[in-house]
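1. Just the structure for this:
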Amino acid sequence: MECTLVLLKPDALQRAIAGEIITRFERVGLKIVAAKIIQPSKDEYFHHYETIGKMISRRGQEAFDVTLEFMQEGPVLAMVLEGIEAVEVVRKMVGTTEPKAAQPGTIRGDYSHISFAYASENGLSLPNLIHASGDSNEAKLEIAHWFKDSEIFDYSTVHDKFTQGRK
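-> Purely as a prediction, here's the structure:
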């Protein structure tokens, strides 16, 4: 089984829609194997967004700074989800990074709508609700950053036969 990291960002928690988002992942057959609410430090976010994600190199210092400021507006709910091709499934469910471009039926398409241009013109971060690992290598690095091995659980559910192909 593959695992992936999901962070429900401060805007998801502040809007009180975390439960709806989690329900979507569970309904598709993904299993929560770790979860915690945390208020990460600047250093923890730097490691996540730059050391692992290379955000400054890809999008510039200003984008990084605005994102960091936004992420520190409140706690996040960090989760590890497990399932068959979990990274790809979660990315598909989350939708594109820019909410305006996210398709209806995706989490961002259904719960957010702001564009990169609007956020940039107004000096805002992009409140797009959720972070999901970009690929399986990134998922492994992110999970190791946010969770100790002892915080990740292996357990069975009555649904494993149908959602994970187990006998």
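2. Would you point out the helix or strand in this protein whose mean pLDDT is lowest?
-> helix 160-163 (a mean of 80; mean pLDDT, DSSP states H and E).
3. What would that helix look like as CSV? C-alpha coordinates only.
-> C-alpha atoms of helix 160-163 as CSV (Å, rounded to 0.1, in the frame of the first residue of the first chain):
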residue,chain,number,x,y,z
ASP,A,160,-10.1,-3.5,3.3
LYS,A,161,-11.4,-6.3,1.0
PHE,A,162,-13.2,-3.8,-1.2
THR,A,163,-10.9,-0.8,-1.0
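4. got the phi/psi numbers for the closest residue to residue 52 other than its chain neighbours?
-> Closest residue in space to residue 52, ignoring its immediate chain neighbours: residue 141 at 4.8 Å, by C-beta to C-beta, 6 or more residues apart in numbering. C-beta: built from backbone N, CA, C; applies to glycine. When read as degrees, to the nearest 10, the backbone of residue 141 gives phi -70, psi -40.
5. wait, residue 141 sits on residue 54?
-> No: counting by C-beta atoms under 8 Å, residue 141 does not reach residue 54; the two are 11.3 Å apart.
6. of those two, who's got more company?
-> residue 141 (16 against 11; other C-beta atoms under 10 Å).
7. For the more buried one, give its distance to residue 3.
-> Between residue 141 and residue 3 the distance, using C-beta to C-beta, to the nearest Å, works out to 12 Å.
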